[in-house]
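Peer 1: sequence unknown, structure follows:
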């Protein structure tokens, strides 16, 4: 098999420093695959002759830089010959690493990331939810795109990741990818796991995340009021699809279940609870934590309405749910018809359960957390927004007790 090989010195014209100079780079190309590295030299762009790949003129600086370029090219050609003589496979990355004195056994960032994601994919349904695997795949794609845009590299040694790389990735996500602050932080947190793997295996000696600090911003989550819930309950639709979507949405409002959990519920998840009434008991898709939820009358009515639905395996399902995309599309139509001026999404039902249905009616936040299947109370506090109305009721009750004690 014939192997094409070339080296090229070139200035990076879009990276001008305060002195009006641009850096020089060396590009190695093997069979169309490139690897680049900095020559640690800066020049005035107009003094560069792109035809000869050298600086114009006879100044001492021009002669020194041209001599250095020639020396580097000579060493690269020699490395190429040495690899050929050993009968080894020739790649641009291998030539670059040998020239820079780097170990060919060093671990590459995206290779580690891909190996991690492959493992996660194989554990979907056991240790990880499908959504978690998808987020890791998206995070890797963002890192991959960032590497190419900023460095024109298809991969990088994991020990080359530093604080500057991390902050650059965060900036890239917020500007080029238009990610929100919280989304950017979550993607970088996914990326951080790969660095922890590298640390645990001693592939790197220092944690580049040591001085990187980022916190999620608290977002005010929308939810439906009692009046808006009542609007939905009373609204009659002429089309079956809208009626179905409304019912499933209300079911989530009165159970706190996420889309993925409603989708997988079967009759086997309905049991008699400690109080002798019907409960839903299942493991959450997202976290695999146990959720035990007493069934309220509205939720039970909806289950009975669709009790004849079955899955392909003939196991009875509770609700004939549509895809999440279709559910959210129809919910927007329902919001318009019910004159609800909120961005009605399926997940908003979970917020409604945590606030209007439970917390506002005096259910302790610890009980709400348990029903939502959260691992800690802090997570629940993002859903169960403390309402001014609830604060007012609590303080009125306190005021009443204090007045009684005085009298």
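Peer 2: Good, I have the coordinates. Since we're looking at a predicted model, the values are computed, not measured.

Peer 1: contacts and neighbour counts: CA atoms only from here.
Peer 2: OK.

Peer 1: Could you name the helices and strands sitting against the helix or strand bottoming out on mean pLDDT in the chain?
Peer 2: Lowest mean confidence among the helices and strands of the chain (mean pLDDT, DSSP states H and E): helix 377-383, at a mean of 71. When contacts are defined as 3 or more CA pairs under 8 Å, 6 or more residues apart in numbering; DSSP states H and E, helix 377-383 sits against helix 365-372.

Peer 1: can we see that at 10 Å?
Peer 2: Contact here means 3 or more CA pairs under 10 Å, 6 or more residues apart in numbering; DSSP states H and E; on that basis helix 377-383 packs against helix 346-352, helix 365-372.

Peer 1: contacts for the shortest one?
Peer 2: Where contact means CA atoms under 10 Å, 6 or more residues apart in numbering, the residues beyond helix 346-352 that reach it are 221-226, 229, 245, 248-259, 324-325, 327-329, 331, 342, 354-355, 357-359, 372, 380, 382-385.

Peer 1: Just the buried ones from these?
Peer 2: Neighbour-count burial (16 or more other CA atoms under 10 Å) is assigned, among the contacts of helix 346-352, to 222-224, 229, 245, 248-259, 327-328, 331, 354-355, 357-359, 372, 380, 383-385.

Peer 1: residue ranges with poor pLDDT in this structure?
Peer 2: Counting by pLDDT under 70, the chain shows low-confidence ranges at 1-2, 102-105, 218-220, 285-288, 308-316, 383-390, 407.

Peer 1: pull the longest strand from it.
Peer 2: strand 33-43 (DSSP state E).

Peer 1: Listing partners with orientation, what would you give for that strand?
Peer 2: Sheet pairing of strand 33-43 (DSSP bridges) gives strand 22-30 (antiparallel).

Peer 1: now the strand it pairs with, how far from the centre of its chain.
Peer 2: 33 Å (CA atoms, centre = their mean, to the nearest Å).

Peer 1: domains for this structure, by residue range?
Peer 2: Structural domains annotated on the chain: 5-100, 109-200, 226-393, as defined by automatic domain parsing.

Peer 1: what are the ranges of the strands in the stretch 1-150 of the chain?
Peer 2: Along the stretch 1-150 of the chain, counting by DSSP state E, counting those that start in this stretch, strands occupy 5-11, 22-30, 33-43, 48-49, 54-55.

Peer 1: which one of these is the most hemmed in?
Peer 2: strand 54-55 (a mean of 22; mean count of other CA atoms under 10 Å).

Peer 1: Which strands or helices does it pack on?
Peer 2: Using 3+ CA pairs under 10 Å, 6+ apart, the elements in contact with strand 54-55 are strand 5-11, strand 48-49, helix 60-85.
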